[in-house]
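Asker: 3D model of this:
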Amino acid sequence: MPKLTRLTFLIATAITATLSSAGASHAIAGTTVINCGKLLDVKAGVWRERVSITIENNSVKSITAMQSDPSHIDLSNYACLPGLMDMHVHLSDDPKPQVEQFRNALSLDAIDYAYSSTKLAERTLMAGFTTVRDLGAADGLNVAMKRAIENGSIPGPRMFTAGKAIGTTGGHADPSNGLSMAMRRAKGKPGPENGVINSADTAREAVRSRYQEGADLIKITATGGVLSQAASGQNSQFTDEELRAIVSTAKDYGFRVAAHAHGNEGIKRALRAGIDSIEHGTYMDDEAIALFKKMGAWYVPTISAGKFVAEKAKIPNYFSPVVQPKAAAIGPLIQGTFARAVKAGVNIAFGTDAGVFPNGENAKEFRYMVEAGMSPIAAIRSATLGAAELLNQSKRLGSVEPSYAADIVAVKGDPLTDITLLEKIDFVMKDGVVYKKPDTK
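Answerer: As a prediction, this is how the structure comes out:
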């Protein structure tokens with residue numbers, strides 16, 4: 001991606017906001033009341049029938065028996081739930097054939113990327129995802145987007161960002177992969193500031209650079225990956241010493257650490273080092289599953305991304321010759337790995353890797369989770385209570401109850417009997433602000 005400064009991005013998003021036709025009902029004065037036909041108590045796993053939710057100062061104040069009042073938001077024919085949370089997204093781009101990606105990298109300016117990314121944040125929010133973890137973008141893009149959303153320049157979910165993902169030279173997060181020697185010489189060898197490390201010392205520097213960047217957490221690429229221009233999708237790419245340096249430094253700065261990892265050895269190294277979450281986890285074995293449980297780590301499965309790349313691998317020339325065999329081999333396995341993790345009782349937080357597949361289609365992950373043996377209420381909890389716990393936000397997010405953020409979504413019907421209803425969100429509120437209302441036409 002071309003160099004994209006925070007100032008450039010904020011200018012672009014401010015302009016975009018003035019042109020957007022999807023404005024939210026901002027700055028609701030006084031008290032807001034929502035009448036819900038039923039409200040899912042995610043902690044108890046039951047529906048509360050006919051309730052009124054009173055909201056003040058962006059938070060839930062009380063939940064009472066339904067009060068009839070024409071001034072209330074009428075969702076009496078809808079099922080209300082906490083806002084959904086996706087623990088693995090990339091809001092900076094959507095998938096494209098790799099020829100188009102290469103062409104864009106050569107022909108587009110930073111402002112082009114800034115404009116195009118704003119609609120992805122809005123699309124995600126309108127799909128009912130009020131909170132996300134953005135696990136990697138170059139040049140401060142996701143950090144700047146978070147700020148633009150917070151200051152009201154653009155609509156989007158609440159963001160917890162990793163800034164630039166950290167990898168090793170030639171590893172999955174090395175931005176110089178796939179470049180010619182001449183281009184690598186021209187751009188210069190990426191270092192810790194660019195998220196590329198080769199020792200415990202540079203690992204610490206990379207973590208501190210993310211702190212300087214304004215990130216909320218650390219994301220590393222513990223193994224090879226599918227979409228990078230490198231041969232292996234699963235080889236271990238960090239030493240134990242480097243991993244320990246990252247985790248210990250991250251904890252000094254109050255960061256949690258997420259690790260992209262497909263390969264089994266890389267998964268186990270990361271878990272032993274004290275990583276908080278493993279993303280993808282494709283080749284985990286029984287020993288790795290035992291380590292998840294011993295360490296109390298979280299598994300973020302991203303089944304949707306696996307299915308998407310597996311399908312695109314069948315299309316000639318969609319992926320480069322380096323990427324295609326990795327997509328074909330790794331993509332189809334993730335749902336099966338997830339099924340084993342569910343059966344074993346691993347902590348699971350909802351995450352899709354949106355950006356690898358189109359942003360806004362995040363809720364398809366629910367159907368894949370249920371297909372693999374997870375109950376609908378457990379799947380919903382993974383995107384509410386579980387996600388909040390992974391974020392260390394359990395006292396503020398993940399449930400609709402007094403003192404929690406007023407993040408509420410609504411659907412027609414009962415998603416506990418048909419989980420696919422979550423793919424058709426009719427109402428979205430974030431922090432007490434209504435962004436989407438039912439179509440009454």
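Asker: buried set for stretch 263-276?
Answerer: 263-271, 273-276 (16 or more other C-beta atoms under 10 Å). C-beta coordinates here come from the backbone N, C-alpha and C atoms, glycine included.
Asker: Contacts made by it with the rest, please.
Answerer: 220, 222-224, 232-238, 240, 243-244, 246-247, 251, 256-259, 261, 278, 281-285, 287-288, 291-292, 295, 297-298, 390 (C-beta atoms under 8 Å, 6 or more residues apart in numbering).
Asker: hmm, back to that, with respect to Q212, which of the buried residues of stretch 263-276 is nearest?
Answerer: Using C-beta to C-beta, the shortest approach to Q212 within the buried residues of stretch 263-276 belongs to D276, at 21.1 Å.
Asker: State the number of residues packed around the spatially closest residue to V42 that is not a sequence neighbour.
Answerer: Excluding the flanking residues, the one nearest V42 by C-beta to C-beta, 6 or more residues apart in numbering is T384, at 5.0 Å. T384 is flanked by 26 other residues according to other C-beta atoms under 10 Å.
Asker: how close does T384 sit to L390?
Answerer: Distance, T384 to L390, using C-beta to C-beta, to the nearest Å: 11 Å.
Asker: swap in L333?
Answerer: 23 Å.
Asker: wait, what's in contact with Q324?
Answerer: With C-beta under 8 Å, 6+ apart, Q324 has these contacts: 313, 318.
Asker: what about the helix or strand containing it, distance to the chain center?
Answerer: Per DSSP states H and E, Q324 falls inside helix 323-330. Its chain's C-alpha centre and that of helix 323-330 lie 22 Å apart, by C-alpha atoms, centre = their mean, to the nearest Å.
Asker: Low-confidence regions, the stretch 151-300 of the chain specifically.
Answerer: 183 (pLDDT under 70).
Asker: redo that, cut-off 90
Answerer: For the stretch 151-300 of the chain, the stretches flagged by pLDDT under 90 are 174-190.
Asker: in it, which spans are strands?
Answerer: Using DSSP state E, counting those that start in this stretch, the strands of the stretch 151-300 of the chain run over 158-161, 167-168, 196-197, 218-221, 257-261, 277-280, 298-300.
Asker: ok, residues contacting the last one?
Answerer: It stands for strand 298-300. 87-88, 258, 276-281, 292, 338, 341, 346-351, 386, 390.
Asker: Just give me the closest of the buried residues of stretch 263-276 to D439.
Answerer: D276 (39.8 Å).
Asker: how many neighbours does S107 have?
Answerer: 9.
Asker: swap that for S68, sorry
Answerer: 9.
Asker: Which secondary structure state does it sit in?
Answerer: coil (DSSP: H, G, I helix; E, B strand; the rest coil).
Asker: Setting the sequence-adjacent residues aside, check what's closest to it.
Answerer: N35 (7.8 Å).
Asker: Grab the nearest non-local neighbour of K61.
Answerer: Here the residue nearest K61, using C-beta to C-beta, 6+ apart, is T54, at 4.6 Å.
Asker: Report the next helix or strand after the helix or strand that that neighbour is a member of in sequence order.
Answerer: Applying DSSP H and E as the criterion places T54 in strand 46-56. As assigned by DSSP H and E, the chain's next helix or strand after strand 46-56 is strand 59-65.
Asker: for that next one, which positions count as buried?
Answerer: 60-61, 63.
Asker: between the helix or strand just after that strand and strand 46-56, how big is the angle?
Answerer: Going down the chain from strand 59-65, the next helix or strand is strand 73-82, by DSSP H and E. Counting by axes from the mean of the first three to the mean of the last three C-alpha atoms, to 10 degrees, strand 73-82 lies at 120 degrees to strand 46-56.
Asker: What helices and strands are in contact with strand 73-82?
Answerer: Helices and strands touching strand 73-82, by 3 or more C-beta pairs under 8 Å, 6 or more residues apart in numbering; DSSP states H and E, are strand 32-41, strand 46-56, strand 408-411, strand 427-430.
Asker: just the CA coordinates of the helix or strand following it, formatted as PDB?
Answerer: Sequence order places strand 84-89 as the next helix or strand after strand 73-82, per DSSP H and E. Extracted C-alpha coordinates of strand 84-89, given in PDB (Å, rounded to 0.1, in the frame of the first residue of the first chain):
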ATOM      1  CA  LEU A  84     -21.900  -8.200  17.900                       C
ATOM      2  CA  MET A  85     -18.100  -8.200  18.100                       C
ATOM      3  CA  ASP A  86     -15.600  -9.600  15.500                       C
ATOM      4  CA  MET A  87     -12.200 -10.200  17.000                       C
ATOM      5  CA  HIS A  88     -10.300 -10.400  13.600                       C
ATOM      6  CA  VAL A  89     -10.900  -8.000  10.800                       C
END
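Asker: residues in contact with strand 84-89?
Answerer: Against strand 84-89 from outside (C-beta under 8 Å, 6+ apart): 124, 128-135, 258, 277, 279, 300, 302, 349-355, 359, 362-363, 365, 383-384, 387-388, 390-391, 397-398, 409, 422.
Asker: Just the ones of the residues you listed in strands?
Answerer: 129-134, 258, 277, 279, 300, 409 (DSSP state E).
Asker: So for the closest residue in space to G398 that isn't next to it in sequence, what's the pLDDT?
Answerer: Nearest non-adjacent residue to G398, counting by C-beta to C-beta, 6+ apart: A388, 3.1 Å away. On the pLDDT scale, A388 is placed at 98.
Asker: tell me the mean pLDDT over the helix ranked longest in the chain?
Answerer: Counting by DSSP state H, the longest helix found in the chain is helix 110-126. Over the span of helix 110-126, the pLDDT mean works out to 88.
Asker: repeat for stretch 301-312
Answerer: 98.
Asker: Send over it as CSV, restricted to the C-alpha atoms.
Answerer: Extracted C-alpha coordinates of stretch 301-312, given in CSV (Å, rounded to 0.1, in the frame of the first residue of the first chain):
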residue,chain,number,x,y,z
PRO,A,301,-11.1,-19.5,14.2
THR,A,302,-11.8,-17.4,11.0
ILE,A,303,-13.7,-20.1,9.2
SER,A,304,-15.2,-17.6,6.8
ALA,A,305,-11.7,-16.6,5.5
GLY,A,306,-10.8,-20.3,5.0
LYS,A,307,-13.9,-21.0,3.0
PHE,A,308,-13.4,-17.9,0.9
VAL,A,309,-9.8,-18.6,-0.1
ALA,A,310,-10.5,-22.3,-0.7
GLU,A,311,-13.2,-21.4,-3.2
LYS,A,312,-11.1,-18.7,-4.9
